[in-house]
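K.L.:
Sharing a model prediction with you, sequence too.
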Amino acid sequence: QVQLVESGGGLVQAGGSLRLSCTAYGLTFRNYAMGWFRQAPGKEREFVAAITWSGAGTYYVDSVKGRFTISRDNVKNTVYLQMNSLGPEDTAVYFCNAVQDNSYVTPVFYSWGQGTQVTVSS
């Protein structure tokens, strides 16, 4: 059974930084592209960033380009999201999931982890 465990969220002032982590269990991690998604209160879950299985390719939603960096460690089965220059619009619960190779915005697994809350104060 696949389990995704996110961590690293918290409360930060606008302009600050956070580094999120997501460790995956129950899958051959290196076989999957991985992605980060977020869900703000009252909104649908949205794609944030993705990284290919090797780490050679990265993709971002326009609103985070230049501020967020996705990376991965295939030995630790962990994907990271470094978030800089945070603003109140980044406040959300952040989730990770494997993503489809032909559509990085599409999650692979139906079940999600508990997510990690990011709150940015103005």
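P.N.:
That came in fine, so what should we check first?
K.L.:
what's the straight distance from one end of stretch 15-35 to the other?
P.N.:
23 Å (CA to CA, to the nearest Å).
K.L.:
tell me the mean pLDDT for it?
P.N.:
Averaged over stretch 15-35, pLDDT sits at 97.
K.L.:
Over to stretch 61-74?
P.N.:
98.
K.L.:
right, and residue 19 touches residue 80 too?
P.N.:
Yes: using CB atoms under 8 Å, residue 19 is in contact with residue 80, at 6.2 Å. Every C-beta, even on glycine, is put in place using the N, C-alpha and C of the backbone.
K.L.:
can you pull out the strands in this structure?
P.N.:
With DSSP state E as the criterion, the chain has strands at 3-7, 10-13, 18-25, 33-39, 46-51, 58-60, 68-73, 78-83, 92-100, 103-107, 116-121.
K.L.:
could you dump the ones you listed to TSV with mean neighbour count?
P.N.:
Shown next, in TSV, are the strands of the chain (neighbours: other CB atoms under 10 Å):
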stretch	mean neighbour count
strand 3-7	17
strand 10-13	13
strand 18-25	19
strand 33-39	23
strand 46-51	22
strand 58-60	17
strand 68-73	18
strand 78-83	22
strand 92-100	22
strand 103-107	16
strand 116-121	17
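K.L.:
Spatially central residue in the chain, please.
P.N.:
residue 36 (2.3 Å; CA atoms, centre = their mean).
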